[in-house]
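Asker: pasting the sequence and the predicted coordinates here, then a few questions.
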Amino acid sequence: MNKIDAGTIVRTVVLFVALINQGLAAFGYSPLPFDDKQVEFFVSTLITAIMSLIAWWKNNNITRTARRNEEMLKREGLK
């Protein structure tokens, strides 16, 4: 009947992990064994990778629809 969406389950689990992490940090425990430089490097690398993929995807006609639209624009002299 009414099943719980997988996305709802994932968001709930992530929320509980974040709350546990915040609680441990509030009491002075370091639940994650990373120093600031490692976190900064990871976040910087992640942002670079995501933005590179987005730029690559947006500027290239990967999907069938995009290639078809590109051909139509060239036929109509709009590009």
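Answerer: Good, I have the coordinates. Because the structure is a prediction, the values reported are computed rather than measured.
Asker: shaky segments in this protein?
Answerer: Low-confidence segments of the chain, defined by pLDDT under 70, are located at 1, 59.
Asker: ok, residues contacting the lengthiest helix in the chain?
Answerer: Across the chain, the longest stretch assigned as helix under DSSP state H is helix 36-59. For helix 36-59, the external contacting residues (Cβ atoms under 8 Å, 6 or more residues apart in numbering) are residue 34. Every C-beta, even on glycine, is put in place using the N, C-alpha and C of the backbone.
Asker: going forward, count from 233.
Answerer: In the new count, where the first residue is 233, that last one comes out as helix 268-291.
Asker: contacts for the helix or strand hosting residue 254, please.
Answerer: Secondary structure assigned from DSSP states H and E places residue 254 in helix 238-258. Surrounding helix 238-258, the residues in contact under the criterion Cβ under 8 Å, 6+ apart are 262-264.
Asker: sorry, back to before: tell me which helix or strand comes right after the longest helix of the chain.
Answerer: On the C-terminal side of helix 268-291, the closest following helix or strand by DSSP H and E is helix 296-307.
Asker: show the backbone phi and psi for residue 294.
Answerer: phi -90, psi -50 (degrees, to the nearest 10).
Asker: center of the protein - which residue?
Answerer: residue 282 (6.8 Å; Cα atoms, centre = their mean).
Asker: please report how far that one lies from residue 243.
Answerer: As defined by Cβ to Cβ, to the nearest Å, residue 282 lies at a distance of 19 Å from residue 243.
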